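**Student:** just the structure for this:
(one chain, ligands or ions: 4)
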Amino acid sequence: MASSGPYAHELNVALLAVQRATLLTKSVFHSHAKGTLSKNDASPVTIGDFGAQALIIAALQHAFPNDQIVAEEEAKDLRENEQLRNTVWDLVQAAKLSDATSELTLGGPLASPDAMLDTIDKGASQGGRAGRIWALDPIDGTKGFLRGGQYAVCLALMVDGHVRVGVLGLPNLPESDAEPLVEGIGAEQTDADGKGVLISAVEGQGAQSRALTRGPLASPHSIQMKPLARVSDATFCESVEAAHSDQSDSARIAAALGISKPSVRMDSQAKYGSIARGAGDLYLRLPVRKDYVEKIWDHAAGDLIVREAGGEVTDVEGKRLDFGLGRTLKANKGVVAAPRGVHGEVLGVVKKVLSEKK
Ligand SMILES: Nc1ncnc2c1ncn2[C@@H]1O[C@H](COP(=O)(O)O)[C@@H](OP(=O)(O)O)[C@H]1O
Ligand SMILES: [Mg+2]
Ligand SMILES: [Mg+2]
Ligand SMILES: [Mg+2]
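**Tutor:** Ligands and ions are numbered 1, 2, ... in the order given. Purely as a prediction, here's the structure:
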């Protein structure tokens, strides 16, 4: 059970909803064709994304019927494809937590395939700076998910434009915080049962990690970023996908910071989770295209988790990420996440290297 204090109930519901959805994505990874479709922007979506979105929104609507939800996916493709809809429906029905109290907290099963489609489409809020709004990425790093790499189920509660609660379901990260980072997932991390973590934070209350279980939530421990005496000792993380973050800019920035270790490339908000638990130190996301706007669901949970673990998160110009402007981070470009004590130094080099490019 989550502790008391502000947002204790929201955290508990978010943890259980992410736990249930993460287990669904694991079952897709192991036993199903992934039903991959290509979206308008040429990015992939799978039955795992649809199923996880349906389950999490159903839980939020049960527990917090008046809250708005900004979620990445929509049900259109499922409405047009009966076979795909039925596959997702089977998945969603099978994804029950073994702990009856937890299932009760989440409101039990969805009523029908049509209710499932309508539930998925409840994630269409336009967001904004007023009131309670959840940001949901049912599978972040879908390309990593398809490759057998890192991915994350991401949920955050924003109140009046500020992230107050963040939860990441990270089925392919090792349970131990200290395990060195590896590109993708290590050979021993074969997505077996019992692997994986739930990382979470509440504003002002620090960040925590716990093992991803099938039964009741495991007890958490608090996590912090690693103290970094010199930036040159840092391990930095970046996207696997070169289209998502400029890997030649990051190499120049690393060189200018005196960092000799190669970057660790991993998909998804596993990067935020990894630096927050001290398994890595820096996360750089450097714009490739001038016209790309980052989505709030790709950053909301990770931003809070890193800040609560002792880090600073800004864009490449040094501005805090502004989650109150709608579904996108339209006031920001890229991401620079680092321990608070060295963020200024890292940002200075990021600005210098990027300005020399112009
Ligand atoms: N051109 C681009 N630049 C930056 N991010 C992009 C991008 N195209 C897609 N993305 C986002 O990058 C996310 C994955 O991030 P990462 O590279 O850190 O794994 C994707 O999330 P989804 O996988 O949820 O669609 C998608 O929203
Ligand atoms: Mg996507
Ligand atoms: Mg995403
Ligand atoms: Mg996604």
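
**Student:** and Arg320, what helix or strand is that in?
**Tutor:** Using DSSP states H and E, no element contains Arg320; it sits outside every helix and strand.

**Student:** then Ser4?
**Tutor:** Assigned by DSSP H and E, Ser4 falls outside every helix and strand.

**Student:** could you chop the protein up by domain?
**Tutor:** According to automatic domain parsing, the chain comprises the domains 8-223, 231-355.

**Student:** so which residues of the stretch 251-358 of the chain form strands?
**Tutor:** 264-265, 282-285, 311-314, 335-339 (DSSP state E, counting those that start in this stretch).

**Student:** need the ones you listed in a markdown table with mean neighbour count, mean pLDDT and distance to ligand 1, can you?
**Tutor:** Backbone N, C-alpha and C define where each C-beta goes, glycine included. Output for these, formatted as a markdown table (neighbours: other C-beta atoms under 10 Å; pLDDT from 0 to 100; distance: least, C-beta to the nearest ligand atom, whole Å):
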| stretch | mean neighbour count | mean pLDDT | distance to ligand 1 |
| --- | --- | --- | --- |
| strand 264-265 | 21 | 96 | 9 |
| strand 282-285 | 26 | 98 | 7 |
| strand 311-314 | 22 | 98 | 14 |
| strand 335-339 | 26 | 98 | 9 |
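
**Student:** and Ala337, how far is that from Ile57?
**Tutor:** 28 Å (C-beta to C-beta, to the nearest Å).

**Student:** and the pLDDT at Ala130?
**Tutor:** Looking at Ala130, its pLDDT is 97.

**Student:** any idea how far it is from ligand 4?
**Tutor:** 25 Å (C-beta to the ion, to the nearest Å).

**Student:** how many neighbouring residues does that residue have?
**Tutor:** Each residue near Ala130 was counted by other C-beta atoms under 10 Å, and the total is 11.

**Student:** wait, it touches Asp160, no?
**Tutor:** Yes: using C-beta atoms under 8 Å, Ala130 is in contact with Asp160, at 6.5 Å.

**Student:** ranking the domains of the chain by mean pLDDT, which is last?
**Tutor:** domain 8-223 (a mean of 92).

**Student:** near ligand 4 at all, the helix ranked longest in the chain?
**Tutor:** Counting by DSSP state H, the longest helix found in the chain is helix 8-31. No: Helix 8-31 lies out of reach of ligand 4 by C-beta under 5 Å from the ion, never closer than 10.7 Å.

**Student:** I'd like the next helix or strand past that helix.
**Tutor:** Downstream of helix 8-31, the next assigned helix or strand under DSSP H and E is strand 37-38.

**Student:** partner residues bridging Ala211?
**Tutor:** Note on Ala211: beta-bridge partners by DSSP bridges are Val197.

**Student:** right, and it touches His221 too?
**Tutor:** No: at 10.0 Å, Ala211 does not count as touching His221 under the criterion of C-beta under 8 Å.

**Student:** more crowded one of these two?
**Tutor:** The neighbour comparison of Ala211 against His221 (other C-beta under 10 Å) goes to Ala211, with 16 against 11.

**Student:** can you tell me how far that one sits from Asp177?
**Tutor:** From Ala211 over to Asp177 (counting by C-beta to C-beta), the distance is 11 Å.

**Student:** quickly check: stretch 234-254 near ligand 1 or not.
**Tutor:** Yes: for stretch 234-254 and ligand 1, the contact criterion (C-beta under 6 Å from any ligand atom) is met by Ser239, Glu241, Ala243, His244.

**Student:** and the furthest pair within the residues you listed?
**Tutor:** Ser239 and Ala243 (8.3 Å; C-beta to C-beta).

**Student:** and these two? Which one has more around it.
**Tutor:** Neighbour comparison, Ser239 and Ala243: the larger count goes to Ser239, with 25 against 12 (by other C-beta under 10 Å).

**Student:** and that one, how far from Ser176?
**Tutor:** 24 Å.

**Student:** same question, Asp291
**Tutor:** Separation of Asp291 from Ser176 (C-beta to C-beta): 41 Å.

**Student:** neighbour count: the two, which is higher?
**Tutor:** Using other C-beta under 10 Å as the criterion, Asp291 and Ser176 rank with Ser176 on top: 11 against 5.
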